[in-house]
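Peer 1: Next comes the sequence, and after it the predicted model I'd like to discuss.
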There are 4 protein chains.
Amino acid sequence: MTVRFGLLGAGRIGKVHARAVAANPQAKLVAVADAFEKAAKEISAAYGAEVRSIEAIEKAADIDAVIICTPTDTHADLIERFAKAGKAIFCEKPVDLDAKRVEKCLAVVDKTKAVLMVGFNRRFDPHFAAVRKAIDDGAIGKVEQVVITSRDPGAPPVDYIKRSGGIFRDMTIHDFDMARFLLGEEPVAVSAHASVLVDKKIGEAGDFDSVSVILETASGRQAIISNSRRATYGYDQRIEVHGSKGMVAAENQRPVSIEVASEKGYTRPPLHDFFMTRYIDAYANEIAAFIATVTKGAKASPSGTDGLAALRLADAALKSAKTGKAVQVKLD
Amino acid sequence: MTVRFGLLGAGRIGKVHARAVAANPQAKLVAVADAFEKAAKEISAAYGAEVRSIEAIEKAADIDAVIICTPTDTHADLIERFAKAGKAIFCEKPVDLDAKRVEKCLAVVDKTKAVLMVGFNRRFDPHFAAVRKAIDDGAIGKVEQVVITSRDPGAPPVDYIKRSGGIFRDMTIHDFDMARFLLGEEPVAVSAHASVLVDKKIGEAGDFDSVSVILETASGRQAIISNSRRATYGYDQRIEVHGSKGMVAAENQRPVSIEVASEKGYTRPPLHDFFMTRYIDAYANEIAAFIATVTKGAKASPSGTDGLAALRLADAALKSAKTGKAVQVKLD
Amino acid sequence: MTVRFGLLGAGRIGKVHARAVAANPQAKLVAVADAFEKAAKEISAAYGAEVRSIEAIEKAADIDAVIICTPTDTHADLIERFAKAGKAIFCEKPVDLDAKRVEKCLAVVDKTKAVLMVGFNRRFDPHFAAVRKAIDDGAIGKVEQVVITSRDPGAPPVDYIKRSGGIFRDMTIHDFDMARFLLGEEPVAVSAHASVLVDKKIGEAGDFDSVSVILETASGRQAIISNSRRATYGYDQRIEVHGSKGMVAAENQRPVSIEVASEKGYTRPPLHDFFMTRYIDAYANEIAAFIATVTKGAKASPSGTDGLAALRLADAALKSAKTGKAVQVKLD
Amino acid sequence: MTVRFGLLGAGRIGKVHARAVAANPQAKLVAVADAFEKAAKEISAAYGAEVRSIEAIEKAADIDAVIICTPTDTHADLIERFAKAGKAIFCEKPVDLDAKRVEKCLAVVDKTKAVLMVGFNRRFDPHFAAVRKAIDDGAIGKVEQVVITSRDPGAPPVDYIKRSGGIFRDMTIHDFDMARFLLGEEPVAVSAHASVLVDKKIGEAGDFDSVSVILETASGRQAIISNSRRATYGYDQRIEVHGSKGMVAAENQRPVSIEVASEKGYTRPPLHDFFMTRYIDAYANEIAAFIATVTKGAKASPSGTDGLAALRLADAALKSAKTGKAVQVKLD
């Protein structure tokens, strides 16, 4: 079976998904929609798809599934529309920045029994997936502590920051999902500290750029997350998980793995400097997983509920950072 | 100038210091005291020193300095006695488990103008010292986040746990000192989570075995500490410091650095399994630094005040873990 | 400009090149030929190409370039035919196992002024290419010694061995090309030792499975090559180049870069176990370079002459291994 | 039992051994002899030994063993004298630069049944010893290929070069011993290439500074040695051994193992820049092994015969480099 796709949103991340669809033998990119027609045309030309309006895709008989890459504030509405239209839905995170709106949207999804997968791409990184597999295989015994390092090469423009929902909902949310993916139990408490160390303008916009978070589960498992909006040496993405029998870790990925030795010492080039090159395999695997979900009629994972859970942890972290108290959460 | 030493306490750590003194060309081990005479004799025989009583060492004209390795609850008393006796003092951490008692003791030290150095050996590890030097040299710009991983190979006996003052005062205290050594600013707030995941008996003794801590300074710098009383793969001791221009990290040390590759993959042997072999260089460097302090009449570092600061952070972490609130501290 | 391709040979390596052509925006796969029609159909179906005979491709006006992936003993003939037909030619290594036949073939290529590029894919591996770039950038000064480790995961079937021309012409030839790529001077002498340690049947077939080779240039630069037909831990492909100012090295690549630590130590998974996954980027880059050569009318590199040079080194190595003497070669 | 030592030669390496003896609880440094009295006094003062003449040490009843660190051309004579005097002998490599002279000396040693251990310190490096242990434990199956990288931080003075016997007898000799230590079979053939790439004056002195060597055993096992008199990044000492079931490797050692990441990439400090700091543990272990040999009456290893074997390989390598032929050797 071939899954026929409509792509909503032809921006940077839309292109990544278009390429993943085109390269997948079980998928076909049929149509692309974007308010900015030139962007839609560029992708449709590259992959032999049509430019259509969102309405046309909604009604199209030749489209089985949509990928939503439009601006965040349109996600929930589009999910509801396409759920009602009977399409399988892959939506970039987040469903919405407001947990209440997400709940309402997921209720619609539930009612329509639509397939909804949320784009936490990192679960599909081969290295992080291998960490999870090692845990599942019993390599480290019972999970006890998860340590997540996640540092962006550089801060986004302040305009983006203002619309982003803040660092916890925009950046740490990936790490909250990863913590849930690896902890094996839901967090029940969140402590967070948040500072402005990288760029004062981020602070003036009401946000933070450097945060540290501890999550704790009911049985006392802990996850530590360390974030910064700046890492001069590239996109720093590491995970380690400690268990009763040992530890499993995923190291950083490098575009070029050479080392030069000289009087000054041993030097390796910087890491990837962009999330799209760092996670290029993850994006392809993610779409493949979505296609498998659609063709096999399986349960989507990560689901809308996973998206909501990560958002709730983000909300709790923000509250903790502001109040100086550990905030209780109830996710399951 | 040769510094003439009296050693108080001939146990495990006493032996380490005795060897460091004997190997140092600027030092001489003159006398050893221990309630358990056989232990004292063993060391004195090995290094050509005498067995003496504490009183005799206190009054001895041929002793310039003492190393206090007796049980923790005798430290403060002995510091006061030897400060009054005009000896330079190196005391194993902690000065006392009670901050008030430490304050009183340090007041005596101040009044007598005695030299008092406290045994935070990790500052003298060549690799951690190199991390600090890289920071001082400007290699990473302004410090922003410190991440300390500190995991013991195995939990000590529950009897020890009961007398230890708890994991924060016994184990994390080293990491609090390291955080202060690297942050470049005093912490003003502490958030901690603490669990019993390794051994229920530790919980029954009123202590924890797995903790995560965030420290924050006035300008928003953060330190994250992750501790466990168990690491099946050895003594896990790592540091990384992130700054405005980059990152500096110290990796684990290994007694044997080979790698075997086979069908199962690439395998390196476990880490050191004991703090004394892991930090053997640090102990020697520490005594060398104390000798230099004594001979040059310099200010001791780490000082009694450093010992008190780390203890206050431990007290704050315990309070935070119990109350679920970030605890404010004032160290300078 | 789009380069229109005919693919000759639809086997394992043919598929790799077909995929690289299909994924390249400047190329189009027009036709596929294979004696075994089913194989040709499979590729043509996957990428929207036609199945044609070699003759039809030879005469086709809609084909600019061919990729030759047929059995080795057909390479020279096909190169001559397509050179005369005015097509640009990419040919898998080797042009032929007999240096004399190669010379004759290259004379035809020269006369026709055809573009001929030979498939030494490793030059296009991003990591090895970065080694070369570091040398060109002056990072290690003047090259002095090159060390190449090249070990296959497992020996090919003895039937293949028998037709292969022997380990030097089949396997080491890649390393001879890499040595030439990195030495910056032509080798003038070759010493080789060759043994049968992996599989007696390889010896019975008149070949070797474990070889060590030293190349020396006129100015005394040296290259060392170490080969085995077996590496239980995966496809071991490493390079290091020592120069007057330092060293540059490319490490092995791994499909999954996690590490598990336990009582037994620290374990990373094995390397890639197949040259096609190990060099997947190299194959794509190689075709891209060929396309660039064709569209820009540039000189092909590696050229037929490069193919001949590597073959001559292989012949010399075999002679050295058999005679116990350093064999002189003249390549430029 | 305490072994009472006389030290012959109070130069650089003499100091290293004096310290190792002083630090060993089963040994005592009784006397030091050196033509240059000031040097002898310095060591004797530091470790409470006497300055004596070689004759006095020869006749001394209070000395069980001698360490010979005098200039190379005195080694064979001193070994013979002290063998006849009934002392156990540890002699720095080489016994002599002339294989015939070594044979004659070893005949005397044999006749007197003296204990003679030769100073191939690298066998006692904990990491290289662990490589050998992994082989003995069967971790890699049957040994097939040994790869030894051995590069000095910088060339010695030309005056030293002139007296050294040449790079093969002075530097590569350590690697020949290591190859024998790891191959598990005696080499029967040697091919070598030798160049002057580092310093023309070395060439003018009739020596080489850059060499590559292949050793082959009767069953076809191979060892590759790569040497240079220069490595800007420090003392490069690596070993890897490939076997039927896998590979074992020992990496370089570093005085400080930190890494700094910045815009320029990830940088680790250079390696040790001096053989004495690099092999400090090896020297201590070597003397401990000699003491154990003496006290237990065991067979010394490495023995005088081991010293002779390495010298013969050096002679063969030189001949091969000069003649362009593989040279046959017979060691057992």
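Peer 2: Yep, it's here. Numbers count the residues shown, from 1 in each chain, chains lettered A, B, ... in the order given.

Peer 1: What are the structural domain limits within chain A?
Peer 2: Annotated domains of chain A cover A:3-114, A:123-273+A:309-328 [automatic domain parsing].

Peer 1: Next, the residue of the stretch 1-150 of chain A at minimum distance from chain C: phi, psi?
Peer 2: Nearest to chain C, among the residues of the stretch 1-150 of chain A, is A:Ala130, at 4.5 Å (CB to the nearest CB). Backbone N, C-alpha and C define where each C-beta goes, glycine included. Main-chain torsions, A:Ala130, degrees, to the nearest 10: phi -70, psi -30.

Peer 1: pretty sure it is in contact with A:Ala249, am I right?
Peer 2: No - at 10.5 Å, A:Ala130 does not count as touching A:Ala249 under the criterion of CB atoms under 8 Å.

Peer 1: any common contacting residues for those two?
Peer 2: C:Ile258 (CB atoms under 8 Å, 6 or more residues apart in numbering or on different chains).

Peer 1: circling back: mind putting the domains of chain A in TSV, mean pLDDT, mean neighbour count and distance to chain B included?
Peer 2: Formatted as TSV, these follow (pLDDT from 0 to 100; neighbours: other CB atoms under 10 Å in any protein chain shown; distance: least, CB to the nearest CB, whole Å):
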stretch	mean pLDDT	mean neighbour count	distance to chain B
domain A:3-114	95	19	22
domain A:123-273+A:309-328	97	21	3
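
Peer 1: who wins for proximity to chain D among these?
Peer 2: domain A:123-273+A:309-328 (3.7 Å).

Peer 1: what distance separates that closest one from the centre of its chain?
Peer 2: 12 Å (CA atoms, centre = their mean, to the nearest Å).

Peer 1: Quick one: neighbours of A:Thr277, just the number.
Peer 2: A:Thr277: 12 surrounding residues under other CB atoms under 10 Å in any protein chain shown.

Peer 1: Then A:Ser301?
Peer 2: 15.

Peer 1: Can you tell me the closest non-neighbouring residue to it?
Peer 2: Of all residues not flanking A:Ser301 in the chain, A:Met117 sits nearest, at 7.2 Å (CB to CB, 6 or more residues apart in numbering or on different chains).

Peer 1: Now that neighbour: which helix or strand?
Peer 2: strand A:116-119 (DSSP states H and E).

Peer 1: A:Lys133 too?
Peer 2: Here A:Lys133 is assigned to helix A:126-136, by DSSP H and E.

Peer 1: Give the other helices and strands that the helix or strand just after that helix contacts.
Peer 2: Of the helices and strands lying after helix A:126-136 in sequence (DSSP H and E), the nearest is strand A:143-151. Helices and strands touching strand A:143-151, by 3 or more CB pairs under 8 Å, 6 or more residues apart in numbering or on different chains; DSSP states H and E, are helix A:173-183, strand A:222-228, strand A:236-243, strand B:210-217, strand B:222-228.

Peer 1: Centre-most residue in chain A?
Peer 2: Centroid-nearest residue in chain A, with CA atoms, centre = their mean: A:Phe120, separated by 2.9 Å.

Peer 1: Per-residue pLDDT of that one, please?
Peer 2: Note on A:Phe120: pLDDT of 97.

Peer 1: Could I get the contacting residues of it?
Peer 2: Counting by CB under 8 Å, 6+ apart, A:Phe120 has contacts A:Lys93, A:His174, A:Asp177, A:Met178, A:Phe181, A:Pro302, A:Asp306, A:Gly307, A:Ala310.

Peer 1: So for B:Asn24, which of the helices and strands packed on strand A:143-151 sits nearest?
Peer 2: Closest to B:Asn24 of the helices and strands packed on strand A:143-151, according to CB to CB: strand B:222-228, at 32.1 Å.

Peer 1: packing partners for the closest one?
Peer 2: Against strand B:222-228 (3+ CB pairs under 8 Å, 6+ apart) you get strand A:143-151, strand A:210-217, strand A:222-228, strand B:143-151, helix B:173-183, strand B:210-217.

Peer 1: could I get those as CSV with distance to B:Ser164?
Peer 2: Shown next, in CSV, are those (distance: least, CB to CB, whole Å):
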stretch, distance to B:Ser164
strand A:143-151, 21
strand A:210-217, 23
strand A:222-228, 21
strand B:143-151, 15
helix B:173-183, 10
strand B:210-217, 14
